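In: generate a structure from the sequence data that follows.
(chains A and B)
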Amino acid sequence: MSWAGKLLRVNLTTAEITTESLNEEWKNDYLGSRGLASKYLSEEIDPACDPLSAENKMIMATGPLTGTSAATAGRYVVVTKGPLTNCIACSNSGGFIGAEMKNAGWDMVIFEGKSPKPVYLYVENDKAELLDADEIWGTSVWNTDEWLHNKHQDPLLRIAAVGRPAENGCFYAGIVNDLHRAAGRSGVGSVMASKNLKAVAIRGTKGVGNISDPEGFMKAVNEGKAVLAENPVTGQGLPAYGTQVLMNVINEIGALPAHNMKDVQFDGAHAISGEAMHEPRKSDGKPNLTTNAACFGCTIACGRISTIDQGHFSVENKSQYWGNSGGLEYEAAWALGADNGVDDLDALTYVNFICNEEGFDPITFGATVAAAMEMYEDGVLTKEQTGGIEFNFGSALALTKAADWVAANEGFGVDLALGSKRLCEKYGRPELSMTVKGQEFPAYDPRGIQGIGLNYATSNRGACHVRGYTVASEVLGIPEKTDPLTAEGKPGLVKAFQDATGAVDSSGICLFTTFAWSLDNIAPQVEAACGGGWTAERLAEVGERIWNLEREFNLKAGITSADDTLPARLRTEAAKTGPAKGLVSKVEEMMPEYYELRGWSTDGVPTEETRKKLGLS
Amino acid sequence: MNITLKCFASLKRHLPNHAKANQAPVEINENMSVHQAIDYFKIDREEAYLVILNGVFVCPPDRDSTMLKENDTLALWPEVAGG
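Out: Next up, the predicted model:
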């Protein structure tokens, strides 16, 4: 069982809050979290709706394992139609609020309509109420968090909130929970703010019960934890170096996009790497990295807690940023650093703090700044338009100023809040936006890692690495090594990763377990928790069903096969250095086989046979 | 002959004292395979999980037969991942 079996429906227009039983049929077909919330959203809204209108809904959802003793079982998702992409959006976050929601007795919360005034949702077990948020509207996530903790006098209250960029309609604002974990991508925070919903504060003390086979569950969970502890990646590498260990790896193999993806290697990569975060600073002898950190129930603890050099220009006279806070993960360090040609670790850490404090996605923000820097160097943008400062690649000052401007929605920040697609279109250079379906790329160049390019092109939420992380196989040899430079066999690899990821996301655990676990390790935990015959094969089928459900949502929203591609730069401008020198992405060559394996027509539409096989109706 | 040795993450401890930014120019004997070089630097073959020669991954079965050349760059990591 393991599901709480109940959801909260919050009508923000009428301030009416009701409870419902979870749909029995759907939870067996879609498991929970990403899958189940996507099913509810698909059934309840018109995919063609304006994402920032009252017609759109926003669902916060947990999985059946969320809040249990399974390793990493703290995950929750935010599912909605995303303003950045106009596609289905699903942003996944860790921290503690997901487990708290489950402990309060709720599998998910569905927000609909729009409140006439700023409010926040307060949940204490069975009690749920909308309270006035006038005092915190117009303030940051961190201020909101502190205000709510003070108001409710409860240090264990778990809070997810939006900051000022979301309120101002930034297309890539996220929802930050527990101060520095985030449902960060696709602009889900802007949807929340468009509903005048400032925060969700939850306290749950019920515990998570309903375990189908408690003894079997403990056995499966303990076996899974032993695998994570003994694995060198999840037991040693990630705790010590975090995801940032990848910076030097990806640069070495020539797949680190730099300078708005003009280059595939960055000379300053080492200076912003996981290794550099361990090195003592000249000024005070302290390293950037203070310690690692774990989300709820996590035995990996990949999170980074960092400080900024107090003498660094970004924090001069800003003592509020001198303490420890959430540090750089690989994707943020890449987007803020390599993509902008900035090798200043303190500047990157400062911007990362601001992204957490104010709630905006460092990947899209960093890539948008990179596009702006290229337009500046091309003479499309002038110094007058960029706030009176030089906006060249490599400028840490431009990067930090840009973050401050987006946070406050002032000056050039108004333009930067558009994201790179809309920004580049505004200034007549749409080809400089490195996006798929409007969302910016993460930190792997499709010319040097061919499979990830196909994954980017087909990801249902726009360019995204965590929809099908073939880098694990193509670069890191997990579960087995494949050649990153060839297209052969990649459509099948991409599909397998995408389907498995859908199942992992929907269970309520962290994707990082899959560096050590396969679905064979996860299925016994789901089965013992839920009962009903959960096998690895069934989980993969659920993942495939979810992928097709999301695809059908996007097709109804207006997406076509023409959107399943990469920017021309990656298809026509060859890599200049490294092993991929002379290569472009072979995404067009891979696509027909991918469609065929998916059971889609040559136009990228699921066939009737596929729909019937997966029970889509 | 001279090569550049790069050791990252927990393998950093195997770098010579003159190393900077996780890399160092080093001198090795001629006709050394990748595996022989890893042995020469007293690195556990199994710990050197990710072996990248001039940017290209060398599969374990090829590490005995792949020979190093002058000015090669040999980069080593333990088993790592991120995302």
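In: could you measure from residue A:497 over to residue A:46?
Out: To residue A:46, residue A:497 is 31 Å away according to C-beta to C-beta, to the nearest Å. Every C-beta, even on glycine, is put in place using the N, C-alpha and C of the backbone.
In: the two - which one has more neighbours?
Out: Between residue A:497 and residue A:46, residue A:497 has the larger neighbour count (other C-beta atoms under 10 Å in any protein chain shown), namely 23 against 11.
In: which strands and helices sit next to the helix or strand harbouring that one?
Out: For residue A:497, the host element (DSSP states H and E) is helix A:490-507. Other helices and strands packing on helix A:490-507, by 3 or more C-beta pairs under 8 Å, 6 or more residues apart in numbering or on different chains; DSSP states H and E, are helix A:33-44, helix A:450-458, helix A:471-474, helix A:519-530, helix A:536-557, helix A:587-598.
In: can we see that at 7 Å?
Out: Applying 3 or more C-beta pairs under 7 Å, 6 or more residues apart in numbering or on different chains; DSSP states H and E, we find helix A:490-507 packed against helix A:33-44, helix A:450-458, helix A:519-530, helix A:536-557, helix A:587-598.
In: ok, now which ones touch whatever residue of chain B ends up closest to chain A?
Out: Using C-beta to the nearest C-beta, the closest approach of chain B to chain A is made by residue B:82 at 3.2 Å. By C-beta atoms under 7 Å, 6 or more residues apart in numbering or on different chains, the contact set of residue B:82 is A:243-246, A:330.
In: contact partners for residue 73?
Out: Because you didn't say which chain, this covers chain A. A:65-67, A:99, A:296-297, A:508-509.
In: nope, chain B please
Out: B:3-4, B:6, B:54.
In: same thing but 10 Å
Out: A:252, B:3-6, B:23, B:52-55 (C-beta atoms under 10 Å, 6 or more residues apart in numbering or on different chains).
In: same check on residue A:263?
Out: Applying C-beta under 10 Å, 6+ apart, the residues contacting residue A:263 are A:254, A:256-257, A:338-339, A:341, A:393, A:445, A:575-578.
In: the residue in chain A that chain B sits nearest to: neighbouring residues, count only.
Out: Nearest residue of chain A to chain B: residue A:243, at 3.2 Å (C-beta to the nearest C-beta). Using other C-beta under 10 Å, residue A:243 has 25 neighbouring residues.
In: next up, phi/psi of it, please.
Out: phi -70, psi -20 (degrees, to the nearest 10).
In: how about it: what's its closest non-neighbour residue?
Out: The shortest distance from residue A:243 to any non-neighbouring residue, by C-beta to C-beta, 6 or more residues apart in numbering or on different chains, is to residue B:82 (3.2 Å).
In: ok, which stretches of chain B are strands?
Out: Remark: strands assigned in chain B by DSSP state E are B:2-7, B:23-27, B:50-53, B:56-57, B:73-77.
In: can you add mean pLDDT and give the ones you listed back as TSV?
Out: Converted to TSV, these look like this (pLDDT from 0 to 100):
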stretch	mean pLDDT
strand B:2-7	98
strand B:23-27	97
strand B:50-53	97
strand B:56-57	96
strand B:73-77	98
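In: can you put the ones you listed in a markdown table and add distance to residue A:470?
Out: Listed next are these as a markdown table, based on distance: least, C-beta to C-beta, whole Å:
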| stretch | distance to residue A:470 |
| --- | --- |
| strand B:2-7 | 25 |
| strand B:23-27 | 28 |
| strand B:50-53 | 16 |
| strand B:56-57 | 14 |
| strand B:73-77 | 19 |
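In: wouldn't residue A:233 be in contact with residue A:246 here?
Out: No. With contact defined as C-beta atoms under 10 Å, residue A:233 and residue A:246 do not form a contacting pair (11.3 Å).
In: what do those two both touch?
Out: In contact with both residue A:233 and residue A:246: A:476, B:80-82, using C-beta under 10 Å, 6+ apart.
In: now residue A:7: how far from residue A:478?
Out: From residue A:7 across to residue A:478, the span is 36 Å (C-beta to C-beta).
In: more crowded one of those two?
Out: Neighbour count, other C-beta under 10 Å: between residue A:7 and residue A:478, residue A:7 has more, with 23 against 20.
In: am I right that the more buried one sits in a strand?
Out: Yes. Counting by DSSP: H, G, I helix; E, B strand; the rest coil, residue A:7 is part of a strand.
In: show me what contacts it?
Out: By C-beta under 10 Å, 6+ apart, the neighbours of residue A:7 are A:18-23, A:36-37, A:40, A:59-61, A:106-110.
In: which of those residues count as buried?
Out: Buried by 16 or more other C-beta atoms under 10 Å in any protein chain shown: A:22, A:36-37, A:40, A:59-61, A:106-110, out of the contacts of residue A:7.
In: so of the residues you listed, which ones are in helices?
Out: Per DSSP state H, helices hold the following members of the buried ones among the contacts of residue A:7: A:36-37, A:40.
In: present those residues as TSV; the columns should include distance to chain B and pLDDT.
Out: Compiled in TSV, those are given as follows (distance: C-beta to the nearest C-beta, whole Å; pLDDT from 0 to 100):
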residue	distance to chain B	pLDDT
A:36	24	98
A:37	22	98
A:40	27	98
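In: got these as TSV, with distance to residue A:211 columns?
Out: Below are those laid out as TSV (distance: C-beta to C-beta, whole Å):
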residue	distance to residue A:211
A:36	19
A:37	22
A:40	24
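In: closest to residue A:384 out of the residues you listed?
Out: residue A:37 (45.2 Å; C-beta to C-beta).
In: on that earlier part again, pull out the buried members of the contacts of residue B:73.
Out: Here, 16+ other C-beta under 10 Å leaves A:252, B:3, B:5-6, B:23, B:52-55 buried among the contacts of residue B:73.
In: closest to residue B:29 out of the residues you listed?
Out: residue B:3 (10.8 Å).
In: which ones are touching the closest one?
Out: B:24-28, B:32, B:37, B:53-54, B:68-74.
In: and what of residue A:581?
Out: Residue A:581 sits in contact with A:254, A:264, A:447-448, A:574-575, B:55, where contact means C-beta under 10 Å, 6+ apart.
In: swap in residue A:532?
Out: Per C-beta under 10 Å, 6+ apart, neighbours of residue A:532: A:1, A:27-28, A:212, A:526, A:538.
In: repeat for residue A:417
Out: Residue A:417 sits in contact with A:165, A:168-173, A:190, A:360, A:365, A:368, A:405-407, A:409, A:423, where contact means C-beta under 10 Å, 6+ apart.
In: pretty sure residue A:222 sits against residue A:215.
Out: No. Contact between residue A:222 and residue A:215 fails when scored by C-beta under 10 Å: they sit 11.1 Å apart.
In: most neighbours among the contacts of residue A:417, which one?
Out: That'd be residue A:172 among these, by other C-beta under 10 Å, with 36 neighbours.
In: grab the nearest non-local neighbour of that one.
Out: residue A:364 (3.9 Å).
In: and the one you found, how many neighbours?
Out: 32.
In: in stretch A:593-604, what's buried?
Out: Buried, per 16+ other C-beta under 10 Å, within stretch A:593-604: A:593-595, A:598-600, A:604.
In: including secondary structure and distance to residue A:92, could the contacts of residue A:581 go into CSV?
Out: Putting the contacts of residue A:581 into CSV (DSSP: H, G, I helix; E, B strand; the rest coil; distance: C-beta to C-beta, whole Å) gives the following:
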residue, secondary structure, distance to residue A:92
A:254, coil, 29
A:264, coil, 28
A:447, coil, 27
A:448, coil, 26
A:574, coil, 34
A:575, strand, 31
B:55, coil, 32
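In: can you name the two of those residues that sit furthest apart?
Out: Pairwise over the contacts of residue A:581, using C-beta to C-beta, the maximum falls at A:574 and B:55, 15.4 Å.
In: spell out which residues of chain B are next to chain A.
Out: Within reach of chain A by C-beta under 10 Å from any C-beta of the partner chain, chain B has these residues: B:6-10, B:12, B:20-23, B:46-47, B:49-50, B:52, B:54-57, B:59-60, B:73, B:75, B:77-83.
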